[in-house]
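Engineer: sequence and predicted structure are below.
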Amino acid sequence: MDPIEKPRCGWARGSDLMVRYHDEEWGVPRTDDRGQFEFLVLESAQAGLSWSTILKRREGYRACFAGFDPARVAAFTEADIGRLMADRRIIRNRLKIESAVTNARAFLEVAARHGSFSRWIWDYVDGRPLQHEIASDKELPPNSPLSDRLARDMKKLGFRFLGTTILYSHLQATGLVNDHILGCFRREEVRALGEKLTWK
């Protein structure tokens with residue numbers, strides 16, 4: 001079957017970029033801190049915009065935000081923020097840029113306290129992805145009790161611009177929840193990846 005003809009989530013249309021993201025990344029369990037931080041930055045940047053808009057700028061974000069190294073981003077100064085505000089490769093929104101720096105610092109504090117940010121966030125689902133049964137894109141929730149709780153906890157820890165809707169998107173993207181719809185060819189593949197997770 002041609003890749004374009006495979007049964008997949010309805011939102012994964014409109015461009016080859018969206019198809020590749022759906023087929024290769026969305027829902028894949030991310031247990032590395034850099035990957036977690038990357039999606040926190042990108043999901044926060046997406047607020048009010050389409051995900052395809054952010055994907056098109058992903059390489060720009062990677063270049064501007066030090067390869068999504070939270071330690072380097074945490075050290076950004078006001079001069080760095082000014083530089084980013086002039087860079088057309090990213091969304092030039094001061095609140096989003098400043099939040100990425102603030103969040104990098106909070107991210108490092110969580111990682112230091114718990115061994116890694118990934119271990120901390122995965123504890124919210126006991127180390128295993130939640131497997132949802134969703135029949136169509138229309139049933140995809142904008143948030144959940146889990147993302148509500150995570151948003152409250154992260155706000156207390158100093159994170160900014162990461163509300164429940166943004167964080168639910170983060171949970172989907174990084175595989176803490178499997179929201180591939182029933183019938184999507186990636187649903188079972190992603191479920192199998194979740195079952196292989198091991199925590200030392």
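Structural biologist: Received, thanks. Numbers count the residues shown, from 1 in each chain.
Engineer: C-alpha only now, for contacts and for neighbours.
Structural biologist: OK.
Engineer: so how far is the host helix or strand of residue 113 from its chain's centroid?
Structural biologist: Following DSSP states H and E, one finds residue 113 within helix 94-114. With C-alpha atoms, centre = their mean, to the nearest Å as the basis, helix 94-114 stands 14 Å off its chain's centre.
Engineer: how about stretch 140-149?
Structural biologist: On C-alpha atoms, centre = their mean, the centre of stretch 140-149 falls 14 Å from the chain's centre.
Engineer: now swap in stretch 152-167 and tell me
Structural biologist: Put simply, stretch 152-167 sits 13 Å off its chain's centre (C-alpha atoms, centre = their mean).
Engineer: do the same with stretch 137-156
Structural biologist: Centroid displacement of stretch 137-156 relative to its chain, using C-alpha atoms, centre = their mean, is 13 Å.
Engineer: model confidence over that stretch, on average?
Structural biologist: For stretch 137-156, the per-residue pLDDT values average out at 97.
Engineer: now do it: everything it contacts.
Structural biologist: Contacts of stretch 137-156 with the rest of the structure, by C-alpha atoms under 8 Å, 6 or more residues apart in numbering, involve 9-11, 124, 134, 162-165, 167-169, 171, 179, 181.
Engineer: buried residues, that stretch. List them.
Structural biologist: The neighbour-count check on stretch 137-156 (16 or more other C-alpha atoms under 10 Å) flags 143, 147, 150-151, 154-155 as buried.
Engineer: what is the end-to-end distance of that stretch?
Structural biologist: 32 Å (C-alpha to C-alpha, to the nearest Å).
Engineer: show me what contacts residue 102?
Structural biologist: Contacts of residue 102 by C-alpha under 8 Å, 6+ apart are 74, 158-160.
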